[in-house]
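Novice: below are the sequence and a predicted model for it; my questions follow.
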Amino acid sequence: MPHTPQYSGLLTDLYELTMAAGYLETGFDARATFELFVRSLPPRRNYLAAAGLDQALDFLEGVSFSGDEIAYLRTLPVFQAIGDNFFDYLARFRFSGDVWAMPEGTVFFPGEPILRVTAPVIEAQIAETPLLAAINFQTMIASKAARVTQAAAGKNVIEFGTRRAHGTEAGVLAARAAMIGGCLGTSNVAAGKQFGIHVYGTQAHSWIMAHEDEEEAFRKFLDVFPDQAVLLVDTYDVHAAVEKIIAMGRKPRGIRLDSGDFAADSKWARKRLDQAGWKDVIIFASGDLEEDRIAQLLAEGSPIDGFGVGTALVNSIDSPSLGVIYKLVEIEYRGAVRSAAKFSREKVTYPGKKQVYRFHRPDGQFESDIIGLEDERFQHAEKLLQPVMTGGKRCLPRTNLFEARDRCRKQVLQLPEQLRHLTSELESSPVSHSEQLEHSLSEARRRLQAAARI
């Protein structure tokens, strides 16, 4: 496979490579299992929506080191005492491990492994940083989108945020994640082409301002886009703009409000459009929108048919990080398997390969989750982690984003009201650990304490 900079092995933290060199130089030829999860919920979140798996698997399938990249590593002081064996290893490096993961769009909670990697320890270690980056970013955006679309209460939401994203790549991936979280589409054309997402757009204020007269701007746009024109009416005066459009007698597909008093202006515009017999002309709103403002507008009876949400969505502006972590849970070395756990205060991790078991009430509503060991059996439980990669190759098709969006919507609706509430904080976790897993943690702690006394 040719080297692709997008999947460069250098897209990691230096300490992953120093550990890799250490494992190789000391002959620590082990097979390791790491699990990726969120330790705690960020503010104003009672659940999260998994996203980014496709990009994580793309990286694992494509990761390699070019000759130039290896030459660069040789110049770093930290590797001056490292022999050719390590650099020869990097030259032929490919990921060969197995991966289990939650399907994209799955609703999940803190402590639950979203993704599990079992691979030679060097491979699993080098994969850590890019896996965290892929899952953290898109999960953060999908989770925000789920809140925004929930607030919209069935009204369409379009992702509008590329111009405010942290780079164009972030804009494309944010569009993808926003769709998983429930958005109808995006303004980002590259995301539309790459992922098959529906793309939407109207016109900017510059189109109106570039013409001598607002009516001329509307007329020319309607000439070019007679069936698709959504006219921007707040450049100068909303009421005057709507009256001009009605007086022209040329019905647009819709109008867009991008500033001002959305509640008052949308109510007035709806009344005037209906009086003109244009009940099917939509009213679309954009401009500094997020879930709280959308919910308030709808509570006030604003007759807005759709929302464009940008900055707040692509930056998850009220909670711009998740703290996704990737921890060793099992190591197999020289034929012996040993569970691994962390015991530092407030950062305890549970040992062993785990599965998330989900329970539903008879009516299909969510009841609770249990995190247990992978070989446990619970009657009527749904297993959330599925095999997605074997021997470094995908064993499932790429994510169908429409199915992922439907999955997310369905699972959010299955949550009890206290978990779906947009403003109240989670009172108690709906997740517990199995008795067998708790026993495994106690045994790992006892073993460590016994070893410390020797």
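Specialist: That came in fine, so what should we check first? Numbering: from 1, shown residues only.

Novice: model confidence over the helix or strand hosting H239, on average?
Specialist: Element membership of H239 [criterion: DSSP states H and E] is helix 238-248. If you average the pLDDT over helix 238-248, you get 97.

Novice: got a list of contacts for that helix?
Specialist: Helix 238-248 has contacts (CB atoms under 8 Å, 6 or more residues apart in numbering) with 214-215, 218-219, 222, 231, 233-235, 252, 255, 257, 260, 265, 268-269, 272-273, 276, 278. Quick note: C-beta positions are derived from backbone N, CA and C, even for glycine.

Novice: strands - which of those residues land there?
Specialist: 231, 255, 257 (DSSP state E).

Novice: and the pLDDT at the second one?
Specialist: In other words, I255. pLDDT, I255: 98.

Novice: thought it was touching V281?
Specialist: Yes: using CB atoms under 8 Å, I255 is in contact with V281, at 6.8 Å.

Novice: just the terminal-to-terminal distance for stretch 391-403.
Specialist: 26 Å (CA to CA, to the nearest Å).

Novice: and it, what's its mean pLDDT?
Specialist: Rounded mean pLDDT across stretch 391-403 is 97.

Novice: number the chain from 707, please
Specialist: Sure, I'll start numbering at 707, so the last one becomes stretch 1097-1109.

Novice: chain center to it, what's the gap?
Specialist: Computed by CA atoms, centre = their mean, to the nearest Å, the chain-centroid distance of stretch 1097-1109 equals 16 Å.

Novice: so which residues make contact with it?
Specialist: 759-760, 763, 766-767, 800-804, 809-811, 882, 885-886, 901-903, 1092-1095.

Novice: name the helices or strands packed onto the lengthiest strand in the chain?
Specialist: The single longest strand within the chain, with elements called by DSSP E, is strand 1030-1039. Here strand 1030-1039 touches strand 737-744, helix 834-857, strand 1042-1045, going by 3 or more CB pairs under 8 Å, 6 or more residues apart in numbering; DSSP states H and E.

Novice: out of those, indicate the one that is most buried.
Specialist: helix 834-857 (a mean of 25; mean count of other CB atoms under 10 Å).

Novice: distance of T1096 relative to G803?
Specialist: 9 Å (CB to CB, to the nearest Å).

Novice: picking that back up, save the helices and strands packed on strand 1030-1039 as a markdown table, and put in mean pLDDT too.
Specialist: Below are the helices and strands packed on strand 1030-1039 laid out as a markdown table (pLDDT from 0 to 100):
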| stretch | mean pLDDT |
| --- | --- |
| strand 737-744 | 97 |
| helix 834-857 | 98 |
| strand 1042-1045 | 90 |
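
Novice: kindly state which of those is positioned closest to L1019.
Specialist: Of all the helices and strands packed on strand 1030-1039, helix 834-857 sits nearest to L1019, with 5.7 Å by CB to CB.

Novice: ok so, going back, how far is the helix holding H945 from where the chain is centred?
Specialist: 41 Å.
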